[in-house]
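Asks: Quick one: sequence plus predicted model below, questions after.
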Amino acid sequence: MFRLSNLTDYAVVVMSAMARQEGAVQTVSQIAERTGVPAPTVAKLMKALVPAGLMVSHRGAAGGYALARAPEAISVADIIAALDGPIAITHCVDGAESTCGVERLCPMRGNWEKVNRAVRDALESVTLSDMMAPCPEFLGQPRAKAVG
């Protein structure tokens, strides 16, 4: 099963909450209180999101964390890569951290790369701003039908 880590899920929750107060510097405890994500987990997230360029840290008495970019400029793919590494659905696609022993002989490599690229493109097209928008199904509203 292709599944994101809990940390990545928490990162989207935390970053969405921070985006609702865009530009505000927030402490780990403030973020934890607002989101329900435990403070040690929030601190762990910040240690990964700051070096990835998704968050900035501010030192001092009024210190804390803020988004490094506007929510529209942060993709879900950016968040996944910061926490889980490159998006790679199999061992033989570009960006995978490990290698397959039969990679050179495998006729599926190029085809898996097409699938991986489609997944990566889809995740790059969804922004943090999109994730903050209410989901009609979750709110009990019917989904809008596609026109076309």
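Replies: Here it is on my side, so go on. Residues are numbered from 1 along each chain as shown.

Asks: what about the helices in this structure?
Replies: Under the criterion DSSP state H, the chain contains helices at 6-19, 28-35, 39-49, 76-84, 109-125, 128-132.

Asks: Mind giving me the packing neighbours of the worst-scoring helix or strand of the chain on mean pLDDT?
Replies: Least confident helix or strand, the chain: helix 109-125 with a mean of 86, by mean pLDDT, DSSP states H and E. Contact analysis of helix 109-125 by 3 or more Cβ pairs under 8 Å, 6 or more residues apart in numbering; DSSP states H and E lists helix 76-84 as its packing neighbours. (Glycine included, C-beta is placed from N, CA and C.)

Asks: Tell me which other helices or strands the helix it packs on touches.
Replies: Helix 76-84 packs on helix 6-19, helix 39-49, helix 109-125, helix 128-132, going by 3+ Cβ pairs under 8 Å, 6+ apart.

Asks: which one of the helices of the chain lies closest to Y65?
Replies: Y65 lies closest to helix 39-49 among these, at 5.5 Å (Cβ to Cβ).

Asks: what is the rounded mean pLDDT of that closest one?
Replies: What helix 39-49 shows for mean pLDDT is 97.

Asks: Let me know the angle separating it from helix 28-35.
Replies: Relative orientation of helix 39-49 and helix 28-35, computed by axes from the mean of the first three to the mean of the last three Cα atoms, to 10 degrees: 110 degrees.

Asks: Once you drop chain neighbours, what's closest to S29?
Replies: Nearest residue to S29, sequence neighbours excluded (Cβ to Cβ, 6 or more residues apart in numbering): A39, at 5.7 Å.
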